[in-house]
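Colleague: predicted model, plus sequence, below.
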Amino acid sequence: MGAPLTAEQAPVNLTIDGEDVSVPAGTLIIRAAEEMGKYIPRFCDHPLLDPLGACRQCLVEVEGQRKPLTACTTPVAEGMVVKTEFTSELARDGQEGVLEFLLINHPLDCPMCDKGGECPLQDQALAYGPGSSRYIDPKRRFTKPVPISPLVKLDRERCVLCARCTRFSDQIAGDPFIELFERSALEQVAIFEDEPYESIFSGNVIQICPVGALTSSTFRFRARPFDMASADTTCNRCASGCRITVQTRRGELVRVLAKDDHEVNDEWICDKGRFAHPYAQSPERVVEPLVRKNGEFVAVSWAEAVQVVADRITAAREAGKGSAVIAGQQLVDEDAYALSRFARTVLGTNDVDARRVLGGEDEDAVLAALPKTITAANQDIDTAKLIVTIGVDLHEESPIVFLRVRKAGRKGVPVREISARRSAGNVQGARWTACRPGEEATLLAGVARALEARGNSGLDPSTRAAMQGVDPTSEMQELAAALQGVHGSVVILVGERLAAVPGALGLAWNITKAVDGTFGWIPRKAGARGAAWAGLHPALLPGGRSVESTDDRAAFGEVWGIDPPSRRGRDARAIFRTAPELGVLLLAGADPATDFADRQQAARGLDDAPFVVALDMFLTESARRADVVLPAAAAYERNGTVLNWEGRPRPVKAAVPPAGLAQADYEILAQIANAAGGEFPQTLEALRKEIKALLVQPAAAHAVTVGQLARPSADGLVLATHRPLLDDGTMMKGADALAQTAAPVVVEINPADARGLTSGEPVVVHAPLGEVRAPVLVTDAVARGVVFVPAHAGFAGRAGEAVTVEKAGG
Amino acid sequence: MERDPHQLIEGMAVGAYAIGSTEMYIFCRGEFAYAARQLERAAAEAYEAGILGKNIMGSGYDLDLIIHRGAGAYICGEETALLEAIEGRRGQPRLRPPFPATHGLFSKPTVVNNVETFACVPHIITNGADWFKGFGTEKSPGTKMFCLSGDVERPGNYEVPFGTPARDLIEGFAGGVKGGKKLKAFTPGGASSTQFFGPDKLDTNMDWESVMAAGSLLGTGAIIVFAEDVCMVRAALRYTRFYAHESCGKCTPCREGTYWMVNTLERFENGQGREEDIAIMNDVAGNIIGRSFCALGDFSIAPVTSTTKLFADEYRQHIAKGGCPFDR
């Protein structure tokens, strides 16, 4: 435990239990003791929460002080002489007294309490408490347990009122929906009658509760802490890259906990990372290779399935037919690399795509630059003087990055959000600049122009060409002034979604460079940065190398023993358009018939393709249309690495064996490659060796070519859409309690555009590719001229498209 | 606050001017509705007369007064809990340092004083410090409001110079113990007196130093008088119940310790007291004092420690009789 001490403060010398220690000024006694490996017992203290001094368990004696002091609230002072329970009668007496008080009203139900076995109060009572109690009167009684959300149950009798949960909600998550109510011995944690505890971080309060007062509705009574096996791995639910501990009992996944990593996730994870694990052990998993025979899937051996696929690959190659790969964005890096290599060396194609959003020339340039450039890291957010987010709702799309930004906001760092819909995340001092989808490029061009007018000479020629003809509005002027004012200390975080607006991603990149800031690319999925590195892209090879560059391709002859194809491949849309001519279409963890904005086109393409192979965990809409389905291992079932949004490699470690006969994607690909008559790395080590040989040392950013800017969106209403954190995706399967906490689907519209619509009324939204019916919410959290529909509403639509909204008839 | 609110407002205004503040608050406990209404009326009169508000009496100095009514919590008499409550949060004491003088209301430097203190200011300004020091003792100059209550003939508030003997207040101003009964005990400084006084302390001079020398604290100057037929166990129970009820719940010793003492005292009254409970209660009290977050916990033990010390016999009578021996 213990947050890292900040080193810039002057050291202070003191003694604790007679031992000398030197710590930075401002350090609390309890932290100084931790530095020495000395544990002072505590319940309310938490290194990431503001000191409270409520439980009084950490009493220590400080020479010269009449009363014992709480180590969790008292900063060290030069020459201070501290005595803990190990050397001071006063401290020991104080701690024993407090422990006795905490136990008088605490139920003696350890044998049936979920916390039993990992409970600080139990440990403390066992170590220092008396065998029996002097307290003989009735204990305080409450109704229990009380569900404070579908995920969290509250037992007020066990609560020691340490206020960790309420402080977490207030200080860390910014969702103060639980509070302390009442006073005296009746003081209790509670929720407001008209405001349920709604937080995507709620599971953390269960983990930091020092007793069994807050328990998980999904884990209650399922396992004892000491009966579980644990594996430390990395969460793959978004690009934050949180460290987690996955716990299993007799091979069953029962619990996911946040693991401390102060450089990435502090001690927190979001509820999706914590509670959305049941999919991996769903009875719907594909657990055997399936081959379509006479129109029906038939379970076959791996040998047979691999041979069927290899034969089709060989036949396509001999017939001169092109093959193609559509990849998902949740692959681990080694799988992504193996897939990229497989496409180039076995299928002989650059028709590879892992993107959900297809962008312009500037997107290619930014994706190519990412592996070679020093980009933003969490620590840049910690030290930034200004944070700007563009086209990303961190709260929904990368919740732990959101917490870090929120932490900066709490210190007073200004946070600017440029988006079509204001994030629901509660960041102190955040300011929202509304921007209709499709107009981000124009806005950024205006900011660039205003920057130049303010004397910034760092803009490259392509940006200067792009910004001609844009007159900066006062809003753009003001943003430029803010950026220029913190030259060198700004972090600009950009959503993957921004790629859909040609020019915007490139402008954001170049503006960041011009103000000497750091650029962060926040994709939605855990494997997106790895996929970009691996070159799951029609124009890119591993390491951001270009398929069209002879020099870049030369790196591969040595490693792969074969040159990659030199012609730029086709993107996903073009692949589906020409599906009937394909030899083999390989899907790896991709479900385009569900996930693509134009899902009808994807489904048609899958139907029309002569031979489709799907590596997947489930019979998705897409896998259902395949000819061969090969069962892939879930993230909890295999080892590997993922690059998080920072590009930081995070280890993935198996907690359980693969379901049925499932295998990791790279293992499947290696077998197919061998059967098709090629050399292919067989192990993770062999893949890593190749990856290492292809690594590029990141350097300072170079400007990218912005290219043609998106035309401004049409007048009238345009669509804004993205997936909320808790959607209806495959990997939410079985997480029923979690799904209950998801916000209901509503169509959001600005009051200026409501034209007589009132919140709650059913409406229908017509978009070029379909329509959706849902209740409307009239809110100023969406920009004027914008209709927001969450992307899981069973509705195909692309951001920036013209839409109409009307009352739903009948 | 009820009878002469303007001297309070004037005193505060002088204080505000002295420190260059433009905002003043009076935090009035929620139950004191009449006092709050009087204060609001007085404030309106002061605004009307140009004594408060913008450009006071042409001086260019602006000063506003806000009467804040609490929601009924004793702990809001603790200065940092008071600040929390005005800021709209739960009335619970804050961590110190920082102290209100540097980080007070809304993180601004703040002077927090009692009504009685501010009410003295206009008189000192008018008559001078020497005049004020002419009252009372050297270490406790000035006058003090004593609130006489309990078993006395004439309960009420009496303003006398510091150093007036307790006997003068109880037997003189308040007319002695009600119904001619004998005095059993009195509190020199309200419920928060660290030690109750018996009749032997009647000649104590009521000033800070003399009361402290006699083993207690002058506190609020609330003298509560108990006649000979009062059950001191029940008195302790009532006091402790008050503290248990008013404990804000933030820290463990005060929250749980007062709860424990109340349960034990109730057992004595119900005839279930045990000899060892006297020692246990004192031990519990010892675990509260000096370990709680604020002074409320420290003061909450006085009724138990005082009565078990001075009136241990009464506790034993409760045990022997299997209930309360007093019929009053």
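Modeller: Happy to help now that I have it.
Colleague: which residues does B:Phe197 contact?
Modeller: Counting by C-beta atoms under 8 Å, 6 or more residues apart in numbering or on different chains, B:Phe197 touches B:166, B:185-188, B:204, B:214, B:216. For the C-beta atoms, the positions are set from N, CA and C on the backbone; glycine is no exception.
Colleague: how does the chain divide into domains?
Modeller: Picking chain A for this. A:11-104, A:138-281, A:290-356+A:529-675, A:362-523, A:718-807 (automatic domain parsing).
Colleague: other chain: chain B
Modeller: According to automatic domain parsing, the domains of chain B span B:5-127, B:143-227, B:232-321.
Colleague: would you mind finding the most buried of the ones you listed?
Modeller: domain B:232-321 (a mean of 22; mean count of other C-beta atoms under 10 Å in any protein chain shown).
Colleague: select from the contacts of B:Phe197 every entry located in strands.
Modeller: The strands, defined by DSSP state E, take in B:185-187 from those.
Colleague: now stretch A:649-666, how far from the centre of its chain.
Modeller: 20 Å (C-alpha atoms, centre = their mean, to the nearest Å).
Colleague: whoops, stretch A:356-373 was the one
Modeller: 20 Å.
Colleague: may I have the distance across that stretch, first residue to last?
Modeller: Start-to-end span of stretch A:356-373 (C-alpha to C-alpha, to the nearest Å) is 23 Å.
Colleague: what mean pLDDT does that stretch get?
Modeller: Averaged across stretch A:356-373, pLDDT comes to 92.
Colleague: and what of stretch B:318-328?
Modeller: Averaged across stretch B:318-328, the pLDDT comes to 92.
Colleague: same check on stretch A:701-721?
Modeller: Mean per-residue pLDDT for stretch A:701-721: 90.
Colleague: and that stretch, how far apart are its ends?
Modeller: 31 Å.
Colleague: possible to save the ones in strands among the contacts of B:Phe197 as JSON lines with distance to B:Tyr17 and pLDDT?
Modeller: Output for these, formatted as JSON lines (distance: C-beta to C-beta, whole Å; pLDDT from 0 to 100):
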{"residue": "B:Ala185", "distance to B:Tyr17": "44", "pLDDT": "96"}
{"residue": "B:Phe186", "distance to B:Tyr17": "40", "pLDDT": "97"}
{"residue": "B:Thr187", "distance to B:Tyr17": "37", "pLDDT": "96"}
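Colleague: closest to chain A among those?
Modeller: Nearest to chain A out of these is B:Thr187 (C-beta to the nearest C-beta; 22.3 Å).
Colleague: ok, that closest one to B:Glu314 distance?
Modeller: B:Thr187 is 17 Å from B:Glu314, where distance means C-beta to C-beta, to the nearest Å.
Colleague: which SSE is immediately downstream of the longest helix seen in chain B?
Modeller: When chain B is parsed with DSSP state H, its longest helix is helix B:252-269. Reading on from helix B:252-269 to the C-terminus, the next helix or strand found by DSSP states H and E is helix B:275-288.
Colleague: report the angle between that next one and helix B:252-269.
Modeller: 160 degrees (axes from the mean of the first three to the mean of the last three C-alpha atoms, to 10 degrees).
Colleague: so which elements touch helix B:275-288?
Modeller: Other helices and strands packing on helix B:275-288, by 3 or more C-beta pairs under 8 Å, 6 or more residues apart in numbering or on different chains; DSSP states H and E, are helix A:89-104, helix B:252-269, helix B:295-300, helix B:302-310, helix B:312-321.
Colleague: near chain A too, which of the ones in strands among the contacts of B:Phe197?
Modeller: Applying C-beta under 8 Å from any C-beta of the partner chain, the subset of the ones in strands among the contacts of B:Phe197 adjacent to chain A is empty.
Colleague: from what I can see A:Val765 touches A:Glu801, true?
Modeller: No: contact between A:Val765 and A:Glu801 fails when scored by C-beta atoms under 8 Å: they sit 10.6 Å apart.
Colleague: quickly list what's touching both of those two.
Modeller: A:Leu719.
Colleague: what about the two, which has more around it?
Modeller: A:Val765 (25 against 20; other C-beta atoms under 10 Å in any protein chain shown).
Colleague: tell me which element the more buried one is part of?
Modeller: strand A:762-767.
Colleague: paired strands for that strand, with orientation please.
Modeller: strand A:770-778 (antiparallel), strand A:804-807 (antiparallel) (DSSP bridges).
Colleague: next, the buried residues of the longest one.
Modeller: Using 16 or more other C-beta atoms under 10 Å in any protein chain shown as the burial criterion, the residues of strand A:770-778 that qualify are A:772, A:774, A:776-778.
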